[in-house]
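Colleague: what's the 3D shape of this:
(one chain, ligands or ions: 2)
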Amino acid sequence: MLTQLIERLPLLKGLLDFAFPPLCSGCGAYFDEPAGICPECLEAIDWYDDPFCLTCGDFVPRGDSCSRCGEDSFLLFPGGNYTDPLKRAIVNYKFHGAMSLAGVLSERVIGCFESRILGLQPTLLVPIPLHPGREHQRGYNQAAVFAQALSRLLDLPVEEEILHRIKKKKPQARLRKSARAANVRGVFSTDPEAAAHLAEARLLLVDDVVTSGETVIEARRTLASSGLRVVGAISMAHGL
Ligand SMILES: [Zn+2]
Ligand SMILES: [Zn+2]
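Modeller: Residues are numbered from 1 along each chain as shown. Ligands and ions are numbered 1, 2, ... in the order given. This next block holds a predicted model:
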């Protein structure tokens, strides 16, 4: 509606561009497209072609589970490697509201992994929640925005009531690997009443960036303790 209005009013568009110049979220160059990231940056992103097993830390070139981990497999379907320009685009997405990136990344992830994701027979998307204080400060949960974009492509509902963040954690990137698991222990809780209604559900966790994987592993552990089944995870980026 607003876009249509702006298209009919070139002067207004000119003024808006002057006040909020449309810039590529990856490189900062002027880029007047709704995608929010320019073709050069899309080309420069180191995209993943295989899911990654969060249990053993190896790529899984085929199948619904990791051959090494079997039943204990936990597959992550990531967009690209968490390096520039994707890293810069995601930082802009998180902190400056460059929301259009969710659309571009969801199309890439589903375009690449759709049949393997559907092979896990997911029924619900569950975004990793922010601490309520942090969400209030930022105005939105970036993982939930990404989950909504995935929801349209996979035709799966988004469930935001089942998983809650009850504690803030220190940023994982500043910690040694051994300290990361301890840092996320107990940060989530589930609502037992909501869990009772979802006993048959097959959940896919959604986060913006997965590094060591401790956060999504802890979310899965918390959901499993309420009898809920997580079948995999999707992220915009993955990096160690
Ligand atoms: Zn760019
Ligand atoms: Zn594995």
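Colleague: only C-alpha atoms for contact and neighbour calcs from this point on.
Modeller: Will do.
Colleague: can you tell me what sits against stretch 135-143?
Modeller: Where contact means CA atoms under 8 Å, 6 or more residues apart in numbering, the residues beyond stretch 135-143 that reach it are 93-95, 127-130, 206-208.
Colleague: what are the buried residues along it?
Modeller: Buried residues in stretch 135-143, counted by 16 or more other CA atoms under 10 Å: 141-143.
Colleague: which one among these gets closest to G63?
Modeller: Comparing those against G63 with CA to CA places A143 closest, at 26.2 Å.
Colleague: doesn't the closest one belong to a strand?
Modeller: No. Counting by DSSP: H, G, I helix; E, B strand; the rest coil, A143 is not part of a strand but helix.
Colleague: go ahead and confirm S106 touches F146.
Modeller: Yes. With contact defined as CA atoms under 8 Å, S106 counts as touching F146 (7.0 Å).
Colleague: give the other helices and strands that the helix ranked longest in the chain contacts.
Modeller: Longest helix in the chain by number of residues (criterion: DSSP state H): helix 100-119. Secondary-structure packing of helix 100-119 (3 or more CA pairs under 8 Å, 6 or more residues apart in numbering; DSSP states H and E): strand 75-81, helix 86-96, helix 142-154, strand 229-238.
Colleague: neighbours of F31, how many?
Modeller: The burial count assigned to F31 is 17, neighbours taken as other CA atoms under 10 Å.
Colleague: D46 now?
Modeller: Other residues near D46 come to 16 when the count uses other CA under 10 Å.
Colleague: N81 is in contact with that one, correct?
Modeller: Yes. Between D46 and N81 there is a contact at 5.4 Å, judged by CA under 8 Å.
Colleague: ok, back up a step: now do the buried residues in the longest helix of the chain.
Modeller: For helix 100-119, burial by neighbour count (16+ other CA under 10 Å) applies to 100-110, 112-113, 116-117.
Colleague: and for stretch 209-223?
Modeller: 209-223.
Colleague: out of these, list just those in strands.
Modeller: Among the buried residues of stretch 209-223, the members falling in strands (DSSP state E) are 209-210.
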